[in-house]
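J.: output the structure for:
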Amino acid sequence: MCPVTASNQCNVDLMGHMGGRVGPVFVQGNYIYLGIGPALTILANSGPSAPKQVGSIVLPGLIQEIYVSGRYAYIAASEAGLRVVDISDNTHPLEIGHSETPTPARDVTVKENYAYVAYSRLVNGMYEYDFLEDGGILVFDISNPAAPTRISIYERTGGATGLAVTNGHLFADFLLCYARGNCTSYLVVLDVSDPHHPTEVSSNLTGTYGNSQYYSQGTATSDIAVVGSQAYIADGDDFRVMDISDPAHPLPIGVNGGYDTPVKGVPSKKSAHDVAVMGRYAYVIDGVYKLRILDISDPTKPTDVGSYSVYGRLNKDVAVAGTYAYVTNDDGLKIIDVSNPSSPREVGTFDARYEFIEGVAESNGHVFAIDSDGMRSVDISNSSQSNAFAKFNFCGRGIDHGSNLTVKDNFIYCLDWRDKKLWIIDASDPAALKAASSYGPGVKGVAVAGNYAYVTFEVWDGNKYVDSLHVIDISNPRQPLKVGVYNVPEIGRNIAVMNNYAYVTKSREKDLLVIDVTNPRQPFEVASYHLPKGATSVVTAGNCVYRTSFAELWILDVTIPTVPQEAGSYHLTGPAMTMAIAGHYAYIVDADVGLRIIDISNSADPVEVGFYNTPSFAFDIAVADNYIYLADGEGGTFALRFNPPAASVQDGNK
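T.: Alright, predicted model coming up:
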């Protein structure tokens, strides 16, 4: 069993990681520091046209901000707090210190021997709007970077997502948001001449705006840059300039309302949410696509002089060094030549490939990962070579519970939740995925066994939904043929097949039906079993059906399929999304924790023997050749290895 003191992992080792939400960027000298999910990714910046990754380290939290000072990178790592990484050797970054924060760390800046960390809790708002609360700023003594020591705290409603320190004062852009995205932005100034006793000297409203301004961004974000006696603020709506020559009485002196940026065909949405200043120009991330360049030589009249459309789903962060602007978005890093501010041009990229990983499978040295745009394949057969990528656009989009992703005989069977279709993909060349055929719309769930795909199906007949189990002959995957149907009112999405029996959920996933499919053309029900909570996944192995609910693993003995009997259960602390069975272990995807491993050799007494805490919201899992592949949403894909404890061996002894 795992010790109570185990924090992030127990009997599970991290073997590799890829992808995740692309976030902050920091440039120092000849190196670029990127946050990709939980990974600090380091690129050599010897030539802007071809930045090359030279080092990486996976941290226990999603990277929200990076600040590099000397030989150390200070990282705001969400729930993992402040992390300190030694980058004296950029090819082998090493975490040397960390400290917790009361709520997730959002931003960090460093001045001399002190690190200032903004923290706040992100709360899901109504519709697509989020907001921050339980916020504040911590001050850490980092004279010994290996042991950052908290020395003071400033607490305030809302949350700061932009920090700057100069001349003994800390300037923070605080956002206070309410339901439906109605937000106010404040410039808060703290006297930190004595870092042990920060004192608020002023708080000034800089912006008030409604929900339309938040449509393009989805979360409350803002940024601040301080140069001389001016503070330049991207407050989530407009770009603003404040005179801070008297920190106790900052004065607004300039504003630029920015563009009305169309978002997916919806006009009039503004979102200036990140800013960097170099010389006489401010570089502003505005809306979802624009990098705007403003002439601030007269700070009372910031004027647009150029812009560049950095296409991706969302632009995130900007840093400027020399004559280049470095912009991150969902596709990775874009390097923009801004030597002529009126005519910026893209000169280099670093493709991060993945954003929100929702599904995963493995076959023949390739991992197939589903993100919010579709499915990609990654060659993992030779770790010494660059991974080969391919993309298939119609698969998995809109997943909420696992991917129903199956690989069989060089074909991938995958659901697309947007068009409700089962796609059959030719993966004989994993670097060139091609559609072989599709089935639907109306598909809710799928299981593949032998030459058949078993599909839970729902279609609207004009008056009501008609639910059924479809049996599809896939002996020729390019021409799937429906051969059998069995009507199941209120059929669910979970299905598993074993020994000529299909185990299907219905009635909001609370009832498990046993359907005899010995004759695929004439399936019929032989038994049912009711459990009090709805299923999130159903898997078969041996003589058992394993079913997860919101916080429970249930084990049914189906040695006699017509008489299913409860054999055991195990209580989970978090919501189970899906699972895989391999050997005597159930590998369960816990949305809150990540991976949990349960020894099921004794069905009547399951025991937890391992776990791995991932930084985001885990969705899906695949187990193959002693490796575990875990899809972790914004955290990317984790490759893990389980080391069974001595007391839990394959002969079933405990």
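J.: in the stretch 1-150 of the chain, which spans are strands?
T.: For the stretch 1-150 of the chain, the strands defined by DSSP state E, counting those that start in this stretch cover 9-10, 12-18, 22-28, 31-36, 39-44, 52-58, 65-69, 72-76, 82-86, 94-99, 105-111, 114-124, 130-141, 149-156.
J.: lowest average confidence across the ones you listed, which one?
T.: Per-stretch mean pLDDT for these is lowest at strand 130-141 (a mean of 83).
J.: that one: partners in the sheet, and parallel or antiparallel?
T.: Strands adjacent to strand 130-141 in the sheet, as given by DSSP bridges, are strand 114-124 (antiparallel), strand 149-156 (antiparallel).
J.: for this protein, what helix or strand is lowest in average pLDDT?
T.: The least trusted helix or strand in the chain, going by mean pLDDT, DSSP states H and E, turns out to be strand 389-392, with a mean of 64.
J.: packing partners of the next helix or strand after that one?
T.: The C-terminal neighbour of strand 389-392 among helices and strands, as given by DSSP states H and E, is strand 406-408. Helices and strands touching strand 406-408, by 3 or more Cβ pairs under 8 Å, 6 or more residues apart in numbering; DSSP states H and E, are strand 359-363, strand 411-416, strand 443-449. Every residue, glycine included, has its C-beta placed from N, CA and C.
J.: re earlier: and the strands paired with strand 130-141: which comes nearest residue 364?
T.: When the strands paired with strand 130-141 are compared by Cβ to Cβ, strand 114-124 sits nearest residue 364, at 39.5 Å.
J.: can you mark which positions in that closest one are buried?
T.: 114, 115, 116, 117, 118, 119, 120, 122 (16 or more other Cβ atoms under 10 Å).
J.: could you dump these to a markdown table with distance to residue 28?
T.: As requested, the buried residues of strand 114-124 are exported to a markdown table (distance: Cβ to Cβ, whole Å):
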| residue | distance to residue 28 |
| --- | --- |
| 114 | 19 |
| 115 | 16 |
| 116 | 19 |
| 117 | 19 |
| 118 | 21 |
| 119 | 24 |
| 120 | 27 |
| 122 | 28 |
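J.: from these, pick the one nearest residue 395.
T.: For the buried residues of strand 114-124, the nearest to residue 395 is residue 122 (29.0 Å; Cβ to Cβ).
J.: surely that closest one meets residue 134?
T.: No: between residue 122 and residue 134 there is no contact under Cβ atoms under 8 Å: 9.8 Å.
J.: which of the three states applies to residue 618?
T.: coil (DSSP: H, G, I helix; E, B strand; the rest coil).
J.: pLDDT weak spots in the stretch 301-450 of the chain?
T.: Applying pLDDT under 70 to the stretch 301-450 of the chain flags the ranges 311-314, 353-355, 372-373, 382-394, 396-404.
J.: please repeat the previous calculation with a cut-off of 80.
T.: For the stretch 301-450 of the chain, the stretches with pLDDT under 80 are 310-315, 330, 353-358, 371-376, 379-404, 417-418.
J.: same thing with the stretch 151-300 of the chain?
T.: For the stretch 151-300 of the chain (pLDDT under 80), the answer is 176-183, 207-221, 236-237, 256-271, 286-289.
J.: contacting residues around residue 517?
T.: Residues in contact with residue 517 (Cβ atoms under 8 Å, 6 or more residues apart in numbering) are 452, 454, 471, 484, 497, 500, 501, 502, 523.
J.: got a list of what the closest residue to the fourth one other than its chain neighbours touches?
T.: With sequence-adjacent residues excluded and distances taken as Cβ to Cβ, 6 or more residues apart in numbering, residue 484 is closest to residue 471, at 3.7 Å. Contacts of residue 471 were listed using Cβ under 8 Å, 6+ apart, and they are 452, 453, 454, 455, 482, 483, 484, 485, 517, 520, 521, 523.
J.: out of those, who has the most neighbours?
T.: Each of those was scored by neighbours using other Cβ atoms under 10 Å; the highest score is residue 455's, at 28 neighbours.
J.: residues in contact with it?
T.: 422, 439, 443, 444, 445, 446, 469, 470, 471, 472, 495.
J.: residue 20 too?
T.: By Cβ under 8 Å, 6+ apart, the neighbours of residue 20 are 36-39, 62, 354-355, 357, 616, 632, 634-636.
J.: including distance to residue 229 and neighbour count, could the residues you listed go into JSON lines?
T.: As requested, those are exported to JSON lines (distance: Cβ to Cβ, whole Å; neighbours: other Cβ atoms under 10 Å):
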{"residue": "36", "distance to residue 229": "36", "neighbour count": "30"}
{"residue": "37", "distance to residue 229": "38", "neighbour count": "32"}
{"residue": "38", "distance to residue 229": "38", "neighbour count": "28"}
{"residue": "39", "distance to residue 229": "38", "neighbour count": "22"}
{"residue": "62", "distance to residue 229": "35", "neighbour count": "28"}
{"residue": "354", "distance to residue 229": "43", "neighbour count": "28"}
{"residue": "355", "distance to residue 229": "39", "neighbour count": "25"}
{"residue": "357", "distance to residue 229": "45", "neighbour count": "32"}
{"residue": "616", "distance to residue 229": "41", "neighbour count": "23"}
{"residue": "632", "distance to residue 229": "45", "neighbour count": "31"}
{"residue": "634", "distance to residue 229": "38", "neighbour count": "20"}
{"residue": "635", "distance to residue 229": "41", "neighbour count": "28"}
{"residue": "636", "distance to residue 229": "42", "neighbour count": "30"}
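J.: between those residues, which is closest to residue 597?
T.: Once Cβ to Cβ is applied, the member of the contacts of residue 20 that ends up nearest residue 597 is residue 632, at 15.8 Å.
J.: quick check: closest non-adjacent residue to that closest one.
T.: Nearest residue to residue 632, sequence neighbours excluded (Cβ to Cβ, 6+ apart): residue 614, at 4.3 Å.
J.: and the gap between the one you found and residue 59?
T.: Distance, residue 614 to residue 59, by Cβ to Cβ, to the nearest Å: 12 Å.
J.: with residue 475 instead?
T.: The gap separating residue 475 from residue 59 is 48 Å, by Cβ to Cβ.
J.: quick one: which of these two has more around it?
T.: Applying other Cβ under 10 Å to residue 475 and residue 59 shows that residue 59 carries more neighbours, namely 21 against 10.
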